[in-house]
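K.L.:
I would like the atomic coordinates for the input below:
(4 chains)
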4 protein chains.
Amino acid sequence: MSFNTFGHMFRFTSFGESHGAAIGCVVDGCPPRIALTEADIQSHLDKRRPGQSRFTTQRQEPDTVKIMSGVFTGDDGIQVTTGTPIMLMIENVDQRSKDYSEIKDKYRPGHAGYTYDAKYGVHDYRGGGRASARETAARVAAGAVARKIVPGLIVRAALIQMGPHKIDRTRWDWNEVDKNPFFCPDAKQAKFFEEYLDGVRKSGSSVGAVIEVVAEGVPAGLGAPVYAKLDGDLAGALMGINAVKGVEIGDGFATAAMSGEENADEMRKDSKLGNAGKPVFLSNHAGGILGGISSGQPVVARFAVKPTSSILNPRKTVDRYGNDTEVSTKGRHDPCVGIRAVPIGEAMVACVLADHYLMHRGQMGEGTAWPFKPRA
Amino acid sequence: MSFNTFGHMFRFTSFGESHGAAIGCVVDGCPPRIALTEADIQSHLDKRRPGQSRFTTQRQEPDTVKIMSGVFTGDDGIQVTTGTPIMLMIENVDQRSKDYSEIKDKYRPGHAGYTYDAKYGVHDYRGGGRASARETAARVAAGAVARKIVPGLIVRAALIQMGPHKIDRTRWDWNEVDKNPFFCPDAKQAKFFEEYLDGVRKSGSSVGAVIEVVAEGVPAGLGAPVYAKLDGDLAGALMGINAVKGVEIGDGFATAAMSGEENADEMRKDSKLGNAGKPVFLSNHAGGILGGISSGQPVVARFAVKPTSSILNPRKTVDRYGNDTEVSTKGRHDPCVGIRAVPIGEAMVACVLADHYLMHRGQMGEGTAWPFKPRA
Amino acid sequence: MSFNTFGHMFRFTSFGESHGAAIGCVVDGCPPRIALTEADIQSHLDKRRPGQSRFTTQRQEPDTVKIMSGVFTGDDGIQVTTGTPIMLMIENVDQRSKDYSEIKDKYRPGHAGYTYDAKYGVHDYRGGGRASARETAARVAAGAVARKIVPGLIVRAALIQMGPHKIDRTRWDWNEVDKNPFFCPDAKQAKFFEEYLDGVRKSGSSVGAVIEVVAEGVPAGLGAPVYAKLDGDLAGALMGINAVKGVEIGDGFATAAMSGEENADEMRKDSKLGNAGKPVFLSNHAGGILGGISSGQPVVARFAVKPTSSILNPRKTVDRYGNDTEVSTKGRHDPCVGIRAVPIGEAMVACVLADHYLMHRGQMGEGTAWPFKPRA
Amino acid sequence: MSFNTFGHMFRFTSFGESHGAAIGCVVDGCPPRIALTEADIQSHLDKRRPGQSRFTTQRQEPDTVKIMSGVFTGDDGIQVTTGTPIMLMIENVDQRSKDYSEIKDKYRPGHAGYTYDAKYGVHDYRGGGRASARETAARVAAGAVARKIVPGLIVRAALIQMGPHKIDRTRWDWNEVDKNPFFCPDAKQAKFFEEYLDGVRKSGSSVGAVIEVVAEGVPAGLGAPVYAKLDGDLAGALMGINAVKGVEIGDGFATAAMSGEENADEMRKDSKLGNAGKPVFLSNHAGGILGGISSGQPVVARFAVKPTSSILNPRKTVDRYGNDTEVSTKGRHDPCVGIRAVPIGEAMVACVLADHYLMHRGQMGEGTAWPFKPRA
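P.N.:
The predicted model follows:
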C-alpha cells in the first residue's frame, strides 16, 4: 500500500511539490549493468518542459536531472546501473510564489485545491503542492529508465484531438510529431491547432485533448488474467495522470457498438521472415491486449485530458472560510494541458510495460514463448 | 506484487477457474464486529448469476456462497466479522466440459485463449480457465462485504448502451433497473433491447454495451494526489473486468471537447439543512473526483464492454500447432456480456471505495472533515 | 499491506480459524507447468498433524488437503500447475468446542486471547480463533508447493533443544529425524526426551524448544542489501510462527562474543569437480547469508519456541469483565509445541526461498551467476 | 514487492550508496499537520554519526539532513507535514575513495562484497556501495519522523554486551546511555569497555555486541495474529540492520528452557490511578507482545551484531578473477559496529510501531480499546 509509489517490480517513488526545493523520484528494481546517463533521461524531460512555446505555461524551469545514486562507472568507463535505487532529482528554479497570493484562500472550481484541503487540512496554494503537474517530471524521468528495460521496446505518443477538433488519421506521420508544438502526427491539423489555441489562450479560456500512445515491440505474454491485467494497469496509470478523465485500449468505447464478428481479430499463420509459422493477427481492434495479456501486437491506449481549471475568466466559488466569492487565475498556465501530457503518457506506458516484463520474467523465467512444447 | 489480489487495506484474493471444483475469494482487512450473513452476499450474487433469462448464458449455476471463515456468533446470536480473513466459496456445479471439446486446440479470435497460452504454456480450453467471467462471482461476493464498510455508501449501476443503442437519460429511473433483464434504467429502451438482443442471439452474433456506476455517500477526501488517485484505482478496477475496453470518470472523453468554463464545477455555500455553511457544487462534470480525491459529490464512472468473442459464426484462426483453421463457438455464451457486468461494476467500485476509506482512516484518523481548524 | 498474505512473488494468503469450517490458503505466483498432486502436499502435512503421539495434542484431525484450483491435467495425464491461484483446503473435523466452555470469558496468561480481544473486540475462545496453531497447516501446505520451485533445493529441520536440554551436535544424523516423535537428529537425546516430556505432560506443565532449519542448494545471489535482505525475511517468517520468541542466522547471538577473525568465513578457489575455479568458503559462521544475500553455502536458521500457555496448572488472570480470577486449561494441548514447529519452520524457509528465487529471476533474468564477465 | 522500501502505511524508500553524491529516503504515509523541523531529525542522526569518538570509524561526515519536500509553513509560522512524501537528503562529504584501491578486486571474508557481486555483477568496492552501513543514516532519519506519529511513544536502546562482556542489569540507568561513547546503561561496565575496545582496535581486530531496544507507550492491539505479527515485523526490521545475526523478543531464546508456569505473564485488575479496572500484567516475559499483538506492556527486543569483517589482520580470500589471495582492510572502520547500531535499532523499532499504529487505525478506527462493549 503506497500513496506515492508506482509499480511492483520496476517501481518508482516520487517526491516534491510545485514550490518546494526539488522534485524527483527513486527508481527501484531496475536490473543492473544497463548503461544509463543523465542525457538519456534529459532528452525526455525536455519534451515535457514548460516554457517551450507560447502554448504552454511560461514558467521557466530548466528541469535539469541529476542521477544522485544507483550508477557506477567501471574500468571500461561506461556508467551503468547497479541494480540498487536510482535517485533522480530535479531542482525547482522558477517558483514565483507571489503569483498565487491572490487565490490563497479561494478554491478554484475544477481544481484539486478543495479536495486536497478536505483530505489533508493543508492548503498549499502555491501551485497546487503535490497536485501540481510539476510532479509529472518525475514520471518522465522514471519512464526514461523504464524504456531501457524491455529489449526492442518503442513507446511513442501523439495528440490526436484538441477541443472538439480531431486529426485526420489517414495523414498520421510519426515524423511530424516532434515538428510542431502539439506533438501532433497530422501536419495539416497542427497548423490549424496553432491558430485555434491562440484564440483559446487570448480569450482566457482552456481546452481539453485526447492523446494516443502506441507501444511496439511488446512481447506476447505480459500481464495476467485477473488483477494484474496489463490493460487494467495501463488504465490505472493513465487515469492517474493529472486531469485525465477517460482511458481506452484498442477500439475502446467504440467496441460497445460492434458485433462479435467485427471486434474479433482473426488469426493466420505468418509467413513473414523471422516470424514464419507463428500466429499473426489480421487486425488490432484489441489494442494488443486480450484477456489482460499482451498478444504481441502493438499496444494502443488513448486518454482524454480535461481543460485546465486555471483560467482567467472568473468563476463562482467559496473560500476556505466558507464564504461565496469569485476566482480568476492569473498565474502562468497551459491553455491545453493535454499537450504536455504526451511525454507523460509515454512514460507511464513504458513504466507499466517494464514492470510487467520483470514480473513475467520472475514467474516464468526466460526463453518462454509460444509455442510451448505441448504438454498441458 | 500480486497477480490475484485486489486492493490494499480492504483486499481480496480470488481463486478458481471455470471448470475447477470451486471459485471464491479470501477477503482480508475487513473491520471486525460488522454483521454479515450469507444472505447479505447471496442477493448480489443472484444478480450476476447465469441462466436467469434467455439473454445470458444457459449454464445453470446456483452460485451458492458459503462463508468458510472470519465470522463468529457471540452471545447475542448475531453473526459478525472477526477482523480476520473471510473465505467465501462457491462450488462449481454445471461444468459440462464436453461443450469445449471441439475448440480444444483452436484459439478463438478476440478471446484470451491465445495470450493465456503464450504466457503460461497451458491451454485450459474448458471455459477459459482463469480468464473465464466465472471468476467475477468472487468479485461480486467481495463487493457485498465492501458495501458494509463505508457508512451510508450506496453503489448502483445500470446498462446505458447496448450495441449502438443508447438509453434516453431523461427517462432514467433507478427503480426500473431491477425490473428488466438488462439492468436498464430506461423502461422504454429496455423493451427495445429485448427484441434487439433476440435478433443478435438468433443470428449467432454478440454485441457490446456501456455500463454506468454511481456511488452516493462517498465522503470527501478519499484518494491521494499522485499514485493512489481514487479515479486511477477505479479505472484500474473497471478496466480489470473481463472484456472491458474503456473507462470514464464524470464527463470522461467528452471533457476533451469542453472549455475550462464549461468543465469546472462551480461552488457555493450550501444552505441545505444538515450541510449548511459547507461548500456545495453546482454541477458534477468531474464525476465526484478532483485531483484524484473525492469531493463529496456522487462518484460517477462508465465502462465499455466489448462483444464476446465466443460466437457461433465461424472466424479464421490458427490452432495450437500453428495451422490455419476456422472456429465457431457452440458453448453456452452471453450474446451481450455487458449485462452481467452491471453487478460486477458495482462490486469493483464498492471494493475500491472501501479500500480507500480504510487507507484514509489509517493516515488521517477519524473525525477529520472540511473545514479543518485553519492552521497550515 | 496485508494481514494474512505471506510473500511477494511467491505468496500465499491463509484463511480459517481453529473452530471454523475449514482452513487453508491460496498460493499465488507459482510458475506454471510444475507437476503437483495432493500427495506431494499431504506428506508434509502428515508431519505436522496433531494426535500422532502422546507428545502432541490429542485433537484428531486427518488434515486431508484438497487442491481446489490452479492445476490442470493435460493430454499426457500429468497434473500440473497452471500459473494461477492454487487453493488448498483442509476441512476441520474434530473441533469439540465444548472443551473451551470453562475458559470462555477468561484470558489465559501468556496466550493471545487478551491481545486479540484488545485489538478486535472479539473473543473467539474456541481454540484461539486465528491465533490457533491450526493455521500453521496452511503454511505447511504452501511450503510443499514452494519446495518445487527452486531447482535442487532441500529444506530440512530438526529439534535441537527441549526445555534446558540440548542435543549433542556430534551425534547429528538427519536419518534419525523421522524416527522419533520429536524430529530430533540425536537418537540418544531423543530417548531421553521421551521420558522427560512424559514428566512434563503428567505434571500439567509445558516446555519450550529450539529448532534448526538447514536449506541446501540455495543459489548465491538471493536477497538484497537493504530491506529485502534474505535473513531479514527469514527472521520475519520464523518469528511469525506461533510462540516463537527468538531467531538466529548462522552463529547468531554467539557472534556477539566473537572477534572479526573468528567470525569471517575465509575463501579459497575450489578444486572440486563441478565447482572447480569457483570460490568456496572454509567455514559457515554466516549461515549462508552475507549482507542479506545468499552466498551459495547452506542457509542455517534457528528459532526458539516458548512453552505453551495452555497448561493444567492454574494461573492468576482476569476475565473479560475485568475481574480477578484463576484459569487452568483442560483442553487438548501440546506439552511442547516446539515439536510440531519443525515442519512449520521448514515450510516458512521454503516459502521465503521460493519467493526470493522468483524476485531475483525477475530483476536479473536467468543464467546470471558469478563470475559475471568483468565489466563494472 | 520492493527491495528498498520499508513498511506498509508508514513507509520509507531509501537511496544512496557509500560513495555516491548523497544518501537519504522518501518517507510516505506520514499523517499531515505534524510539526517537523530538520532539528527534530538531526538530533537522532548525530547519535549515529561517525567520527565522534576513537571507537567508531574516523570518516568525517557531518550528516546534515535537509527536508526537501513534504512540509509547509502556514500563517502561524509553524512548519508542519503535509501528508505527502517527505524527502530527507544527506549529502556525502568525506568519501575518500582512494582508501579502497588496494582491495578493489578482492572479496573481504565475512563481507557482503562477494554475494553482492554474485547477485548484481557489480563490485562497488568503494565502501560497499549499498551494503555500506552508511545507508542506515536514512533509517535513523525516517525513524525520527516515525517517533512523532504514535502519541506518547518513547523508544530507547542501549548496548548490553560487547564481545563476551555483558552489562550488570541491576546497574541499568537510562541516564547513563548518552554519557559514554557506547550507549551503555551500566556506567561501570562502560568504563571497562573503553579499555577493552582500545585493545581490540589496536590489535587490528573487531568484536560483536548485543543491543536492547525498549519501546514504552505502545498501545495494546497493534499487530495481527498471522503474517502481520508485530514481533514478526520487528524481527525482520532488526535482522535487516547491517551485521545483525540474531533477534529476540522479551525473554527470547531463554524461553526455550522455561516451563509454561514460569513463562506466562499473570494478570490482575489494576488499581493504579488512570488505569484502574484495566488488566495489568505481573511480569513481562513476553516483551510486550502476545500472539503477534501488543499487550500494552513495554515492547522489548534484543539483537546481536557480529564483529565487522573489515579488519587489519589479513585473511585468506579470492579475488574477482578466482585467484587465491589475502586481504587486509586498511580503511577507516568501526572496531565494534554494534555501537552505532544503537540509534539504528531505535529507529527501526519506531518505524515498525508507527506503521502498525496506522494500519491498526485504518482497520479499526479510533477510540477502540479494551474493553469493547461485550457483543461478540
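
K.L.:
where's the closest residue to chain C within the stretch 151-300 of chain A relative to residue B:56, distance?
P.N.:
Chain C sits closest to residue A:225 of the stretch 151-300 of chain A, with a gap of 7.0 Å, by Cβ to the nearest Cβ. For the C-beta atoms, the positions are set from N, CA and C on the backbone; glycine is no exception. Distance, residue A:225 to residue B:56, by Cβ to Cβ, to the nearest Å: 21 Å.

K.L.:
More neighbours: which of the two?
P.N.:
The neighbour comparison of residue A:225 against residue B:56 (other Cβ atoms under 10 Å in any protein chain shown) goes to residue A:225, with 27 against 20.

K.L.:
Wasn't the more buried one part of a strand?
P.N.:
No - with DSSP: H, G, I helix; E, B strand; the rest coil as the criterion, residue A:225 is assigned coil and is not in a strand.

K.L.:
show me the contacts for it.
P.N.:
Residues near residue A:225 by Cβ atoms under 8 Å, 6 or more residues apart in numbering or on different chains: A:291-293, B:112, B:116, B:129-131, B:135, C:84.

K.L.:
can you list the residues of the stretch 51-200 of chain A near chain B?
P.N.:
Within the stretch 51-200 of chain A, the positions lying close to chain B (Cβ under 8 Å from any Cβ of the partner chain) are A:107-123, A:128-131, A:135, A:161-164, A:200.

K.L.:
List buried residues within these.
P.N.:
A:107-123, A:128-131, A:135, A:161-163, A:200 (16 or more other Cβ atoms under 10 Å in any protein chain shown).

K.L.:
check the residues you listed against chain D, which are close?
P.N.:
Contacts with chain D are made by A:119-122, A:129-130 out of these, judged by Cβ under 8 Å from any Cβ.

K.L.:
anything in the helix ranked longest in chain A near chain D?
P.N.:
Secondary structure of chain A per DSSP state H: the longest helix is helix A:341-364. No - using Cβ under 8 Å from any Cβ, helix A:341-364 stays clear of chain D, with a minimum separation of 8.6 Å.

K.L.:
Convert the C-alpha atoms of that helix to CSV, please.
P.N.:
In CSV, the C-alpha atoms belonging to helix A:341-364 read as follows (Å, rounded to 0.1, in the frame of the first residue of the first chain):
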residue,chain,number,x,y,z
ALA,A,341,0.6,15.1,-21.3
VAL,A,342,2.1,13.4,-24.4
PRO,A,343,5.5,12.6,-23.0
ILE,A,344,3.9,11.8,-19.6
GLY,A,345,1.6,9.2,-21.3
GLU,A,346,4.6,7.6,-23.0
ALA,A,347,6.4,7.5,-19.7
MET,A,348,3.6,5.8,-17.8
VAL,A,349,3.1,3.2,-20.5
ALA,A,350,6.9,2.5,-20.5
CYS,A,351,6.8,2.1,-16.8
VAL,A,352,3.9,-0.3,-16.8
LEU,A,353,5.5,-2.4,-19.6
ALA,A,354,8.9,-2.6,-17.8
ASP,A,355,7.1,-3.6,-14.6
HIS,A,356,5.2,-6.4,-16.3
TYR,A,357,8.2,-7.5,-18.2
LEU,A,358,10.1,-8.1,-14.9
MET,A,359,7.1,-9.7,-13.2
HIS,A,360,6.6,-12.0,-16.1
ARG,A,361,10.3,-13.0,-16.1
GLY,A,362,10.1,-13.7,-12.4
GLN,A,363,7.2,-16.1,-12.6
MET,A,364,8.1,-17.7,-15.9
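
K.L.:
would you list every one of the helices in chain A?
P.N.:
Along chain A, the stretches classed as helices by DSSP H are A:38-48, A:113-120, A:136-146, A:187-202, A:230-239, A:260-263, A:341-364.

K.L.:
For residue A:310, find the nearest of these.
P.N.:
Nearest to residue A:310 among these is helix A:113-120; the distance by Cβ to Cβ comes to 10.1 Å.

K.L.:
got the angle between that closest one and helix B:230-239?
P.N.:
90 degrees (axes from the mean of the first three to the mean of the last three Cα atoms, to 10 degrees).

K.L.:
where does residue A:128 fall, phi/psi-wise?
P.N.:
Phi and psi for residue A:128, reported as degrees, to the nearest 10, are phi 90, psi 0.

K.L.:
how far away is the residue nearest to it when sequence neighbours are not counted from residue A:122?
P.N.:
Counting by Cβ to Cβ, 6 or more residues apart in numbering or on different chains, residue A:18 is the residue found nearest to residue A:128 once chain neighbours are left out, at 5.5 Å. When distance is defined by Cβ to Cβ, residue A:18 is 13 Å away from residue A:122.

K.L.:
which residues are common contacts for these two?
P.N.:
Common contacts of residue A:18 and residue A:122 (Cβ under 8 Å, 6+ apart): residue A:129.

K.L.:
Retrieve the pLDDT associated with the closest residue to chain B within the stretch 251-376 of chain A.
P.N.:
Closest to chain B within the stretch 251-376 of chain A is residue A:291: 2.2 Å, counting by Cβ to the nearest Cβ. Residue A:291 is assigned a predicted lDDT (pLDDT) of 96.
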